[in-house]
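S.K.: Generate coordinates for the sequence data below:
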Amino acid sequence: MSNKILIPVDFSIHSDKAVEYAVKLADKNDFQIDLLHVFTDHSNIYQNAIEDPSLVDPRVPEAKKQMDSLIEKFHNDAPTIQFNVLYTDGNLYDEVSKFASQEAYNAIVMGTKGAFGLDALLIGSNMFDVFLNTKVPVLAVPYSEKKYNVDKVGLLCNFKYGEIDVLKQAIKVYGKDFELVLIHINTSNESIHNIDKSFDVFIEKIIEETGIEDISYVIKSQTFFVQYKEDISSAIDTVISDELLDVLLVTKSKKSFLRKIIEENIVRRMAYQIQIPKFFAKRTEA
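M.R.: Numbering: from 1, shown residues only. Reported below is the predicted structural model:
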């Protein structure tokens, strides 16, 4: 079975950036890419065009023309990649979930602005639940001129086995030729000595389970939050900047910090201010 990536596209610069990023992944790891365009502005635009040529809406041929141009653009740089084109009508979130359930995708790659942005995906509890319950990892790619790189990967860490499972899912997308930086946000004011011991055990488990040995860790303490009046997202911003991370891995869980971020109304900061891709995956352990 071929490895596949699903990318919802709306032909914006943010959507194009997600495709550009996925093409580099595909070129390195031999992925096929499914490009999905959802006609969301009017019901049955695409279905009517298929069933009755007299009902073809001009937006359908225009979308197909843009899709052809998009593929041609990236085929010049990576001619061996197989692109598959998908069109459908409906609600974006429903359609992405439907296609993700029908194929064994390694990831859904999405731009973080535009109609298919991560912020749009997370607005509202129902949409958040779609994102949360999708079994396929979601890789959110911000629009940036920064060169594609995967030398340092950060993993938000609370010493749960499910976080290693998220790392394994990321390895299926990125490989494992990178330095792993474990990030622990010490909101409970646990002693540093105890946290260091937890890291020793956890790192041994990661090496055993994944074979990754280039591992370091960072602890953000309770006193740091008090002194600098930072929230969780700001603390993560600081680590990303200090450690020069290329990718951030995040577990999808109702008990995870992501739910707290939603409740703090700082989704936009996660989507816009952190200028690195974010890999959200569902862990197997709550």
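
S.K.: Can you give the domain ranges for this protein?
M.R.: Split into domains by automatic domain parsing, the chain comes to 4-141, 152-282.

S.K.: what pLDDT, on average, does the shortest one get?
M.R.: Along domain 152-282, the predicted confidence averages to a pLDDT of 81.

S.K.: same thing with the longest one?
M.R.: In this model, domain 4-141 carries a mean pLDDT of 82.

S.K.: now the end-to-end length of it.
M.R.: For domain 4-141, the first-to-last residue distance is 17 Å (CA to CA, to the nearest Å).

S.K.: repeat for stretch 218-238
M.R.: Using CA to CA, one end of stretch 218-238 lies 11 Å from the other.

S.K.: any chance of the domains of the chain in TSV, plus mean neighbour count?
M.R.: The C-beta positions use only the backbone N, C-alpha and C, and glycine is treated the same way. Shown next, in TSV, are the domains of the chain (neighbours: other CB atoms under 10 Å):
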stretch	mean neighbour count
domain 4-141	18
domain 152-282	17
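
S.K.: Which of the three states applies to Ala104?
M.R.: At Ala104, secondary structure determined by DSSP: H, G, I helix; E, B strand; the rest coil is coil.

S.K.: Over to Lys197?
M.R.: The local conformation at Lys197, judged by three-state DSSP, is helix.

S.K.: And the residue nearest to Tyr148 when sequence neighbours are not counted, how far from Gln102?
M.R.: The shortest distance from Tyr148 to any non-neighbouring residue, by CB to CB, 6 or more residues apart in numbering, is to Lys24 (4.7 Å). As judged by CB to CB, to the nearest Å, Lys24 and Gln102 stand 26 Å apart.

S.K.: can you check Glu204 too?
M.R.: In this view, Glu204 and Gln102 are 39 Å apart by CB to CB.

S.K.: Over to Val60?
M.R.: For Val60, the distance to Gln102 (CB to CB) stands at 22 Å.

S.K.: again with Thr210
M.R.: Here the criterion is CB to CB. By it, Thr210 lies 29 Å from Gln102.

S.K.: List the strands paired with the strand or helix carrying Ala281, with their directions.
M.R.: Using DSSP states H and E, Ala281 maps to strand 278-282. Its sheet considered, strand 278-282 pairs with strand 138-141 (antiparallel), strand 247-252 (parallel) by DSSP bridges.

S.K.: Compile these into JSON lines and extend it with columns for distance to Ala18.
M.R.: What follows is the strands paired with strand 278-282, written out as JSON lines (distance: least, CB to CB, whole Å):
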{"stretch": "strand 138-141", "distance to Ala18": "5"}
{"stretch": "strand 247-252", "distance to Ala18": "14"}
